[in-house]
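Participant: all I have is the shape, not the residue letters:
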C-alpha cells in the first residue's frame, strides 16, 4: 500500500482581492496511497471542503500541484479535464444523485457509455460490480422502485464501475438517518476492503470518521494533526477522534 495515488503538493487556495484575502487552503501537502480510506475533518470554514473541491477539480488551486497517478491535474483543461473526472474519479453524494428516468443498470453504465466502451464490456463490468454489491436483482428497476439502501448501493456501483483511481465522498452521511448512515458506512468499508477502493472522505462527524483508517484534521486552511487507526477497534478510534475534535473546538454540525 505504498503507491501514492494522490499527491497534493503545497497547494493554496485564496478567495477575494488584495484588500480582503481569505486563505481557504494554506500550503497543504498530503498523499494518499492505493487502497487507503482517509478522512478529512475540521470545523466549519476550516478549508476541508475547499481542499476536496480542489482535488475533485470542482475548484482550481491558486498555487501548488495536485497529482493523481502521477499526472498533474491542475494543468488539465476542457476535454482533458472532463475525461479525467469521468475515468479517474468516483463520486459518492449525500443524496445519491441517481437519474430517475434511468434504470439501475443504465445509471451504473452511463459513464462507460459516454466513454465509448463497447456494449459487451459495459455489460460485464456492470454485472460484476452489481454482484459485488449485491444489487443484481434491482438492475432493471428505476430508483423509485428501490429501497434507500439499494439506491445507495447503485450509487456506489456507479462510482466504482469505471475503476476510478480515487473515490471522493463529501459529507456522505449528512442527509441520512442513523440506520441509513450505518448502511452507507458499512458499504464504504466494504468497497475499501473487498474492492481495494481508495477513498477520500470529508466529514464533520466523529462516528462517520471512525470508519476510516487514517484521518487528517484541518484547521485554518492547514493540516493540524493526523491519526491512524492501526490495530485499534472502531470504538477506540472513535474515542481518539473525539479527543482531537475537542482540542480543535468541539463537534460541529456544519456542511462545509
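Facilitator: Yep, that arrived. These numbers were taken from a predicted model, which means no experiment stands behind them.
Participant: show me what contacts the closest residue to residue 228 other than its chain neighbours?
Facilitator: Among residues not flanking residue 228 along the chain, residue 214 sits closest, at 5.1 Å (C-beta to C-beta, 6 or more residues apart in numbering). Any C-beta I mention is one placed from the backbone N, CA and C, and that applies to glycine too. With C-beta atoms under 8 Å, 6 or more residues apart in numbering as the criterion, the residues that contact residue 214 are 36-39, 226-229.
Participant: do a quick rundown of the helices in the stretch 1-150 of the chain.
Facilitator: Under the criterion DSSP state H, counting those that start in this stretch, helices of the stretch 1-150 of the chain are mapped to 48-55, 78-88, 104-114, 119-132, 148-160.
Participant: in CSV: those, plus mean neighbour count and mean pLDDT.
Facilitator: Conversion of the helices of the stretch 1-150 of the chain to CSV gives the following (neighbours: other C-beta atoms under 10 Å; pLDDT from 0 to 100):
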stretch, mean neighbour count, mean pLDDT
helix 48-55, 24, 94
helix 78-88, 13, 90
helix 104-114, 20, 93
helix 119-132, 15, 94
helix 148-160, 23, 89
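Participant: between those, which one is nearest to residue 201?
Facilitator: Between residue 201 and those, the tightest spacing by C-beta to C-beta is seen for helix 48-55, at 8.7 Å.
Participant: helices or strands next to that closest one in the packing?
Facilitator: Helices and strands touching helix 48-55, as assessed by 3 or more C-beta pairs under 8 Å, 6 or more residues apart in numbering; DSSP states H and E, comprise strand 4-17, strand 20-33, strand 37-41, strand 166-170, strand 199-202.
Participant: so what touches it?
Facilitator: Residues from elsewhere that reach helix 48-55 (C-beta under 8 Å, 6+ apart): 6, 8, 11, 13, 24-25, 28, 40-42, 59-61, 66, 166, 168, 170, 200, 202, 218, 221, 256.
Participant: apply 6 Å and report the result again.
Facilitator: Here helix 48-55 makes contact (C-beta atoms under 6 Å, 6 or more residues apart in numbering) with 13, 24-25, 40, 42, 59, 61, 66, 170, 202, 218, 256.
Participant: cool, and stretch 139-150?
Facilitator: By C-beta under 6 Å, 6+ apart, the list of residues contacting stretch 139-150 from outside reads 98, 100, 103-105, 130, 138, 151, 180, 183.
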